[in-house]
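1. need a 3D model of the following:
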Amino acid sequence: MISQYMEHGRLFIDESCTEKLQTFHRPQKVYKGKISKMQDLYPPPSVTTAPLDTSSNYRDHVRSTFLNYCATTSKDLAVRYVYGKADLRQAAMDHDYLELPFTEYWIDRSLKITQEEAQQIQEKTLLQSECKNWHRDREWRITASRFGEVIKATSRRNIELLCEDILASRSFSSPGILHGRAYEPVAIEAFTTVTGIEAAPCGLFINSTFPYLGATPDAEISPDGLVEVKCPYNGRNSHITAASIKLFPFLAIKNQNLQLRRNHNYYYQIQGQLGLSDRNYCYFVVYTFNDLFLEKITFDKHFFENNILPPLASFYENHWRPFLSAKFLC
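-> Numbering: from 1, shown residues only. Purely as a prediction, here's the structure:
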């Protein structure tokens, strides 16, 4: 462009688009006739409207519908925050004719579950401690790892502190726990290598007959087996032998063989897992950096029904349920 100007003394510029008059908005033909209103061209559909019910009964119905929907579906609709929180203390006083405190019925209702729902929970909590649902669904339940401690609690034990300890253990961690979590997959892989048995992940087991109990084995064996792994921190560098049994106090020598002590909390844990999951046997696996111990423990129905369920039911009704009621609902 500059060279052309220097040579001819003139600039040759094409007509720009803005120099042309716009014509796209001009009608193609002139409309002749009367002007029509938009509502006449597109009439709204005929709708029969009922007068708004502003009575107190209707408002209570709307409130109840929304709150019950949120409670039963766990959905958090914004409209629920329009209404104030319920006065649970007053509600409990209004229901003083009940056999149990009103809030304890709430605990029972929140734990109640069908077997189909229990199966869904088991399938949705395969990641165990890494799964948010796993933490939520076991929060108010007595889990198998505490069965032995609860059953053996005597009248001299501070039950209030025991309940606090069970609840606090949901988020408790220590070097031993961290060591167990880190090497549990290694132990299961070693178990598969030694036995040739495939172990699959499993989630939280809940039985609809005793919905206040829960169990999370480390793995399951299809169709009727479980795997429970222990990676003791103190004995992590040792061989598992009679000579080193002091490092493994949960083991005993019987007929010159090592086995899990039948009065140890681990045995209560395994029998509880088998009873709640309706399985027939469990491989008890102890893993160290230098050794692997295996014991196949079969389900003892008599032990489960007579030594585990009755004291746990008593603890739940007399201590755990009132504790949850006072802590969360009052």
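2. what about residue 269, neighbour count?
-> When counting by other CB atoms under 10 Å, one arrives at 24 neighbours for residue 269. C-beta here means a position set from N, CA and C on the backbone, and glycine is covered the same way.
3. am I right that it is in a strand?
-> No - according to DSSP: H, G, I helix; E, B strand; the rest coil, residue 269 belongs to no strand; its state is helix.
4. in the stretch 101-250 of the chain, where is pLDDT below threshold?
-> Scanning the stretch 101-250 of the chain for pLDDT under 70 picks out the ranges 169-172.
5. can you give me the helices for the chain?
-> Here the chain has its helices, by DSSP state H, at 2-8, 38-41, 56-73, 88-94, 102-111, 115-124, 132-138, 147-152, 159-168, 175-195, 265-277, 301-303, 309-315, 321-328.
6. residue 234 is nearest to which of those helices?
-> Nearest to residue 234 among the helices of the chain is helix 175-195 (8.0 Å), distances taken as CB to CB.
7. which residues sit against that closest one?
-> With contact meaning CB atoms under 8 Å, 6 or more residues apart in numbering, helix 175-195 is reached by 129, 197-199, 218-219, 227, 229-234, 236, 283, 285, 287, 292, 294.
8. and stretch 241-250, by the same measure?
-> Contacts of stretch 241-250 (CB under 8 Å, 6+ apart): 230, 232, 234-235, 238, 240, 251-253, 258, 260-261, 264-266, 286, 291.
9. so for that stretch, what gets flagged as buried?
-> For stretch 241-250, the neighbour count (16 or more other CB atoms under 10 Å) marks 247, 248 as buried.
10. for that stretch, how far is the first residue from the last?
-> Using CA to CA, to the nearest Å, the end-to-end distance of stretch 241-250 comes out at 13 Å.
11. ok, stretch 142-153 next?
-> End-to-end distance for stretch 142-153: 14 Å, by CA to CA.
12. off-centre distance for that stretch?
-> The chain centroid and the centroid of stretch 142-153 are separated by 20 Å under CA atoms, centre = their mean, to the nearest Å.
13. and the contacts of that stretch?
-> Defining contact as CB under 8 Å, 6+ apart, one finds that stretch 142-153 is touched by 159, 162, 166, 169, 212-216, 264-270, 272-273, 276, 307-308, 311-312, 315-316, 320.
14. about what we covered before: identify those among the contacts of stretch 241-250 that sit within strands.
-> If you go by DSSP state E, the contacts of stretch 241-250 have 230, 251, 252, 253, 258, 260, 286 in strands.
15. how many residues are close by residue 265?
-> For residue 265, using other CB under 10 Å, the count is 18.
16. just give the nearest non-adjacent residue to it, would you?
-> Once flanking residues are discounted, residue 265 sits nearest to residue 148: 3.0 Å by CB to CB, 6 or more residues apart in numbering.
17. cool, and residue 247?
-> Once flanking residues are discounted, residue 247 sits nearest to residue 235: 3.6 Å by CB to CB, 6+ apart.
18. how close does the closest residue in space to residue 266 that isn't next to it in sequence get to residue 234?
-> Spatial nearest neighbour of residue 266, chain neighbours left out: residue 250 (5.1 Å); criterion: CB to CB, 6+ apart. Distance of residue 250 to residue 234, given as CB to CB, to the nearest Å: 12 Å.
19. much appreciated, bye for now.
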